[in-house]
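Engineer: Give the three-dimensional model of this entry:
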Amino acid sequence: EGREGFEQVIRSSGLEECVRVGLEAMQWYEKHGNETWRRADGGAQRRGIGMAVMLHGSGIAGLDMAAATIKMNDDGSFNLLIGATDLGTGSDTILAQMAAEVLGVPLGDIIVYSSDTDFTPFDKGAYASSTTYISGTAVRKAALKVAEQIKEHAALCLGLKSTEGLVLRDRQVLAPDGRSITLEVVALNSLHVLNQHQIIASASHMSYESPPPFGAQFVEVIVDTETGQVTVERVLMVVDAGRVINPITASGQVEGGLQQAVGFAHCEEMVYDEKGRLVNSRFGPYHVYKANEMPRLEVVFVQTDEPSGPFGAKSVAEIPMDGIAPAMADAIHDATGVWMRELPFTPERVWRALRGR
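Structural biologist: Residues are numbered from 1 along each chain as shown. The predicted model follows:
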């Protein structure tokens with residue numbers, strides 16, 4: 001981005017655990033280098049297993065910034081306004097979860113408005129694995145400000161001299177003396193009765209840290225040594241993304257990334273003729289993995305707590321792309337003894353490599 005970088009310190013890492021869990025789940029030591037296991041059919045087909053480890057980042061340090069606004073409605077629900085764009089990643093859900101956690105309400109009480117530049121606050125964009133870490137922290141900051149305003153008004157309603165000991169839970173403000181007041185009552189009272197005002201807050205976040213998620217990826221293949229055809233049988237990713245806010249959406253992110261990465265390593269290639277014209281400009285000649293062609297995919301999370309992240313979270317979006325190619329190359333090498341140095345691993349390339357061409 002034309003700026004000086006910032007020194008980074010790793011404060012959380014589950015890499016060693018990722019490798020340990022993956023080796024055990026794949027039965028690595030029973031398979032790797034095992035000639036009996038390699039003989040898939042006793043003929044030209046040979047099995048192989050490979051792995052790679054990787055780290056990524058969580059946004060661009062000193063550059064990415066996001067903002068959030070939270071407004072309390074008169075029924076005790078909340079409007080969450082964010083510039084972060086949900087591209088199918090589930091960010092609307094996890095950012096609402098973060099707000100709900102701070103405000104002590106169920107997820108359904110958070111009404112999300114995102115990505116409308118006419119009225120939502122600024123966000124650098126859904127890129128660089130930044131939304132959970134950067135936008136999430138902005139949401140948490142805004143929610144903490146709103147929570148403090150709610151406590152202040154609840155203390156006024158309850159005749160308390162301070163907000164000390166007040167807790168937001170189950171759509172209520174709970175006082176240390178056992179009394180409570182619902183968020184709906186707080187909202188209505190703040191708008192229409194005592195010290196009338198709107199409970200609302202905005203917050204921004206930019207970080208000089210970009211804590212890396214870590215991962216270990218494992219691939220099993222069958223290589224036909226007569227034709228060079230590689231069949232991907234199984235893919236496992238064990239990933240440390242910090243504290244996982246929503247395991248379902250995070251798993252979906254990883255699985256989607258793995259599908260892209262398998263295609264990138266195995267079969268997706270843009271071919272140009274001598275005049276620089278794209279030859280395979282249609283799906284079919286440019287082969288993308290179909291649903292019925294996908295190998296067995298597995299995702300395991302090793303949870304850590306990142307001290308600089310919202311609720312201990314780090315990113316997860318792009319790291320699934322990082323290690324499949326070297327892991328697949330390692331698996332082909334385990335099966336055949338040949339190292340592949342050029343992507344993708346098409347039948348012709350593998351066939352030529354097996355014959356030293």
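Engineer: Any buried residues in the top helix by length along the chain, and which?
Structural biologist: Criterion DSSP state H: the longest helix present in the chain is helix 136-158. For helix 136-158, burial by neighbour count (16 or more other C-beta atoms under 10 Å) applies to 136-147, 149-157. Backbone N, C-alpha and C define where each C-beta goes, glycine included.
Engineer: Quick one: list the elements packing against the lowest-mean-pLDDT helix or strand in the chain.
Structural biologist: Least confident helix or strand of the chain, by mean pLDDT, DSSP states H and E, is helix 35-38 with a mean of 94. Judged by 3 or more C-beta pairs under 8 Å, 6 or more residues apart in numbering; DSSP states H and E, helix 35-38 is in contact with strand 45-55.
Engineer: Report the mean confidence score over the strand it packs on.
Structural biologist: Predicted confidence along strand 45-55 averages 97 (mean pLDDT).
Engineer: Show the low-confidence segments of the chain, by residue range.
Structural biologist: Low-confidence segments of the chain (pLDDT under 70): 1.
Engineer: Nearest the geometric middle of it, what residue?
Structural biologist: With distances taken as C-alpha atoms, centre = their mean, Val316 lies nearest the centre of the chain, 2.4 Å away.
Engineer: Could you report the distance from Phe218 to Ala241?
Structural biologist: 17 Å (C-beta to C-beta, to the nearest Å).
Engineer: Which one's more surrounded, the two?
Structural biologist: Each of Phe218 and Ala241 has its neighbours counted (other C-beta atoms under 10 Å); Ala241 has more, 32 against 25.
Engineer: So what does the more buried one have for phi and psi?
Structural biologist: Phi and psi for Ala241, reported as degrees, to the nearest 10, are phi -110, psi 30.
Engineer: so the residue nearest to it when sequence neighbours are not counted is in which element?
Structural biologist: Once flanking residues are discounted, Ala241 sits nearest to Val316: 4.0 Å by C-beta to C-beta, 6 or more residues apart in numbering. Counting by DSSP states H and E, no helix or strand carries Val316.
Engineer: swap in the one 10 residues further on?
Structural biologist: Counting by DSSP H and E, the element that carries Pro326 is helix 324-336.
Engineer: ranges for the strands of the stretch 151-300 of the chain?
Structural biologist: Remark: strands assigned in the stretch 151-300 of the chain by DSSP state E, counting those that start in this stretch are 167-169, 172-174, 180-182, 200-206, 214-224, 230-240, 296-301.
Engineer: The fourth one pairs with which strands, parallel or anti?
Structural biologist: Its sheet considered, strand 200-206 pairs with strand 65-72 (antiparallel) by DSSP bridges.
Engineer: Kindly report the same for the second one.
Structural biologist: Partner strands for strand 172-174, per DSSP bridges, with pairing direction: strand 167-169 (antiparallel), strand 180-182 (antiparallel).
Engineer: Using TSV, lay out those together with distance to Gly323.
Structural biologist: Output for the strands paired with strand 172-174, formatted as TSV (distance: least, C-beta to C-beta, whole Å):
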stretch	distance to Gly323
strand 167-169	41
strand 180-182	50
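Engineer: how many neighbours does Ala67 have?
Structural biologist: 24.
Engineer: Do I have it right that it meets Ser202?
Structural biologist: Yes. Counting by C-beta atoms under 8 Å, Ala67 does reach Ser202; the two are 6.4 Å apart.
Engineer: what touches both of these two?
Structural biologist: Residues touching both Ala67 and Ser202 (C-beta atoms under 8 Å, 6 or more residues apart in numbering) are Pro121.
Engineer: Now do the buried residues in stretch 161-168.
Structural biologist: 163, 166, 168.
Engineer: Quick check: of those residues, which lies closest to Gly22?
Structural biologist: Nearest to Gly22 among those is Leu168, at 39.9 Å by C-beta to C-beta.
Engineer: any idea how far the closest one is from Ala313?
Structural biologist: Taking C-beta to C-beta, one finds Leu168 at 21 Å from Ala313.
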